[in-house]
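In: fold the following and give me the result.
(chains A, B, C and D)
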Protein chains: 2
Amino acid sequence: MVHGPRWRRRPSERPSEILQAALEVFAEQGLARARVEDIAKRAGVSKGTVYLYFTGKEDLFREALRDRVARTLEGLSAAASQGDPAERLERFIDAYWLQLRRPSFGAMYVLLLAELPQFPELSRFYAEEVSGKVVQLSAAIIREGSESGQFREIDPLVASRMMVSLLVQHAIWTSRPELFPHLGTRDSADIVTEIKQFTLSALVCASGRAA
Amino acid sequence: MVHGPRWRRRPSERPSEILQAALEVFAEQGLARARVEDIAKRAGVSKGTVYLYFTGKEDLFREALRDRVARTLEGLSAAASQGDPAERLERFIDAYWLQLRRPSFGAMYVLLLAELPQFPELSRFYAEEVSGKVVQLSAAIIREGSESGQFREIDPLVASRMMVSLLVQHAIWTSRPELFPHLGTRDSADIVTEIKQFTLSALVCASGRAA
DNA sequence: CAGAAGTTACTGACCGGTCATTCATTAATC
DNA sequence: GATTAATGAATGACCGGTCAGTAACTTCTG
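Out: Residues are numbered from 1 along each chain as shown, chains lettered A, B, ... in the order given. Now for the predicted structure:
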């Protein structure tokens, strides 16, 4: 058998290759069960190499999650920038749903919920830079629609939370069909349409019940 | 110092004491990180005793979760049984929210999402007996409201999923305030009121946009 | 009723396997 | 041949699970 070199030196690409592999393994196994050796194997390197670029398993976890979390907001502000409020809201929903249905989202969200208490710094980052921002962005659209009279009067932050709830929860359900059979065989496009219709019904409806 | 007996024989109470302690520790630490010794300590027994009543850590996990999960549906069908659809829906929301805001819910839900893939049997139990049932129950109320003309025409299963999304997601957020600052200092009662109003707005509104 | 004999709930030191981390060595590259 | 990237065998901490021993409780006997 003819072999190429047993390995190649690629110092600049290694870190991101390892992070990618790490996110996958952490997503499948969780922090405690994931084995550094498996992450290394998936990244095509040996266990020792991981320790050249990261100080340990926890560091690797932190970086992998930060890397993925930081992308959640990609494209959201752009989507929200053109047209009348209802259109913009629909585009916002589409853009957010695009992020949420990425296969890694469900896993990442579970990792966030399950492991983040151990990483206070990363928790703060997530709360400030991600979780809060999504609600703020959509709230801005809703506020405008409210002021222009296109949407009924409603606290924009409340409405925004409701809409985000619908999207996130449906994304989680979609990511675990074996636990949540009530979605049946609906595809992603149907779901997002249902969410849009429900949200807009709640927003354009004049009625409103007095408290 | 005077000591009582070093321990007492209480064979009949042991199992449930251990399950209770187990649920708490699993909720805090996850399956892999939780130590049997810590569960034992919290239950006030030694490690060996745990193995008298359960065959191992996984068995303990399975039983603790099944025990808790089985209670999720408590009181839901009763709540849904009197009055016109809007009232019944509000009572259903109140009853479900009562379950969801129990401190153990957030933790249990995360355990479900994170660890259940390893327990196919328990997954099936959850999917069939819990997850599906909640949606069915509320869908029945909505269907009736739709048929009586009190709610607009809408697929009851879709509307039901939307409503459950709102409740479950807000419960998760509530259970991790450090990750989700957008709820501010709102209390539980405000949140459930907001959810009711939003849901009913979406349901009673005549408008509807053509697809 | 004493207290001996028997039963079993319970304990905790120990064993064995797993896996994060280290580091002496080797291979590629300059 | 000097430098640095990469390897993988070796190390040791940790923890699930075991089991010989002990203490609480029960029953039997005179």
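In: could you count how many residues lie near whatever residue of chain A ends up closest to DNA strand D?
Out: Residue nearest to DNA strand D within chain A (CB to the nearest atom of the strand): residue A:48, separated by 2.0 Å. C-beta here means a position set from N, CA and C on the backbone, and glycine is covered the same way. By the measure other CB atoms under 10 Å in any protein chain shown, the count of residues near residue A:48 is 9.
In: before we move on, what about residue A:149?
Out: 8.
In: and the lowest-mean-pLDDT helix or strand in chain A, how far from the chain's centre?
Out: Within chain A, no helix or strand scores below helix A:76-79, which has a mean of 84 by mean pLDDT, DSSP states H and E. Mean-position distance between helix A:76-79 and its chain equals 15 Å (CA atoms, centre = their mean, to the nearest Å).
In: and stretch A:84-92, by the same measure?
Out: Taking CA atoms, centre = their mean, the mean C-alpha location of stretch A:84-92 is offset from the chain mean by 20 Å.
In: likewise for stretch A:14-23?
Out: 18 Å.
In: got the contact list for that stretch?
Out: If you take CB atoms under 8 Å, 6 or more residues apart in numbering or on different chains as the criterion, stretch A:14-23 is touched by A:34, A:39-40, A:42-45, A:49-50, A:52-54, A:60-61, A:63-65, A:67-68, A:104, A:108.
In: could you list the buried residues of that stretch?
Out: A:14, A:18, A:19, A:20, A:21, A:22, A:23 (16 or more other CB atoms under 10 Å in any protein chain shown).
In: the one helix or strand the third one maps to near DNA strand D at all?
Out: Pointing back at residue A:19 there. Using DSSP states H and E, residue A:19 sits within helix A:14-33. Yes: interface with DNA strand D: helix A:14-33 contributes residue A:14 (CB under 7 Å from any atom of the strand).
In: pull the CA atoms of that helix into PDB?
Out: Extracted C-alpha coordinates of helix A:14-33, given in PDB (Å, rounded to 0.1, in the frame of the first residue of the first chain):
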ATOM      1  CA  ARG A  14      -7.000  23.300  12.700                       C
ATOM      2  CA  PRO A  15      -8.900  25.400  15.300                       C
ATOM      3  CA  SER A  16     -12.100  25.800  13.200                       C
ATOM      4  CA  GLU A  17     -12.000  22.200  12.100                       C
ATOM      5  CA  ILE A  18     -11.800  21.100  15.700                       C
ATOM      6  CA  LEU A  19     -14.500  23.500  16.800                       C
ATOM      7  CA  GLN A  20     -16.900  22.200  14.100                       C
ATOM      8  CA  ALA A  21     -16.300  18.600  15.200                       C
ATOM      9  CA  ALA A  22     -16.600  19.500  18.800                       C
ATOM     10  CA  LEU A  23     -20.000  21.200  18.300                       C
ATOM     11  CA  GLU A  24     -21.300  18.000  16.500                       C
ATOM     12  CA  VAL A  25     -20.100  15.700  19.200                       C
ATOM     13  CA  PHE A  26     -21.200  17.900  22.100                       C
ATOM     14  CA  ALA A  27     -24.600  18.200  20.300                       C
ATOM     15  CA  GLU A  28     -24.900  14.400  20.100                       C
ATOM     16  CA  GLN A  29     -23.600  13.500  23.500                       C
ATOM     17  CA  GLY A  30     -23.700  16.500  25.800                       C
ATOM     18  CA  LEU A  31     -20.700  17.900  27.600                       C
ATOM     19  CA  ALA A  32     -20.000  15.200  30.100                       C
ATOM     20  CA  ARG A  33     -20.500  12.200  27.800                       C
END
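In: could you point out which element follows it?
Out: helix A:36-43.
In: next helix or strand past that next one?
Out: helix A:47-53.
In: show residues contacting that next one.
Out: Here helix A:47-53 makes contact (CB under 8 Å, 6+ apart) with A:14, A:15, A:18, A:36, A:37, A:39, A:40, A:43, A:60.
In: now the following helix or strand past that helix and helix A:14-33, what's the angle there?
Out: Later in the chain than helix A:47-53, the nearest helix or strand by DSSP H and E is helix A:57-69. Relative orientation of helix A:57-69 versus helix A:14-33 (axes from the mean of the first three to the mean of the last three CA atoms, to 10 degrees): 110 degrees.
In: domain ranges for chain A, per the record?
Out: With automatic domain parsing as the criterion, the domains of chain A are listed as A:14-68, A:72-204.
In: what distance separates the start and the end of the first one?
Out: Domain A:14-68 has an end-to-end distance of 17 Å (criterion: CA to CA, to the nearest Å).
In: distance from the chain centre to it, please.
Out: 19 Å.
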